[in-house]
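Novice: Okay, here's the prediction I keep looking at, along with the sequence it came from:
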Amino acid sequence: MSQQPRAQKLRFQGAVNRVMRTLLRVPIISKLPGQRLVLLEIVGRRSGKHFELPVAYTRQGADLLVGTPFAWGRNLSTGDTIDIVLMGKPQQAAVVAYTDHDGVIEAYGAMCRDNKAFANFNKVGIDKQGTPDPADLEAAWKAGARAFRLTPHVP
């Protein structure tokens, strides 16, 4: 199950992330990019290094769904609480991690239906009815995709 991630970082991903980290922290300016992006503040389990990652999210009620095929996802586990910045407001969020086949497929499917940019980034095809390609979802899971439900609460 540990293939290369299907999603690939953009050529200027580092520069884009720096700009987005700044924009997502400014309350008024964050309203536009904050419609689709949340800033996660994650600490590496082994290294102790702090990461600030702007990631796409999909709302499900009060919760946020996020997903990644990249290594930073291994730093999050069910029961963790992480710091996030949502719409310019620092908050904490409880984490539920999905690493099992059905959980990842279901969450990635929901995120792809809601956010075509997320689907494209993760190389998941969407048909005319907006349904993600099951084979592409399966390939994403096999390549190491993980998904997370974040339940924000004000600290």
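Specialist: Nice, I can see it.
Novice: buried ones in stretch 93-102?
Specialist: The neighbour-count check on stretch 93-102 (16 or more other C-beta atoms under 10 Å) flags 93, 95, 96, 97, 98, 99 as buried. Yep, even glycine has a C-beta here, placed from its N, CA and C like the rest.
Novice: partners of the longest strand belonging to the chain, with directions?
Specialist: Counting by DSSP state E, the longest strand found in the chain is strand 89-98. Its sheet considered, strand 89-98 pairs with strand 81-86 (antiparallel), strand 146-153 (antiparallel) by DSSP bridges.
Novice: Quickly compare the ones you listed and say which is most buried.
Specialist: strand 146-153 (a mean of 20; mean count of other C-beta atoms under 10 Å).
Novice: and it, C-alpha only, in CSV?
Specialist: Coordinates of each C-alpha in strand 146-153 appear next as CSV, following Å, rounded to 0.1, in the frame of the first residue of the first chain:
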residue,chain,number,x,y,z
ARG,A,146,-5.5,9.5,4.7
ALA,A,147,-8.5,11.6,5.6
PHE,A,148,-9.3,13.5,8.8
ARG,A,149,-12.4,14.8,10.4
LEU,A,150,-11.7,18.0,12.4
THR,A,151,-14.2,19.3,14.9
PRO,A,152,-13.2,22.9,15.6
HIS,A,153,-13.8,24.5,19.0
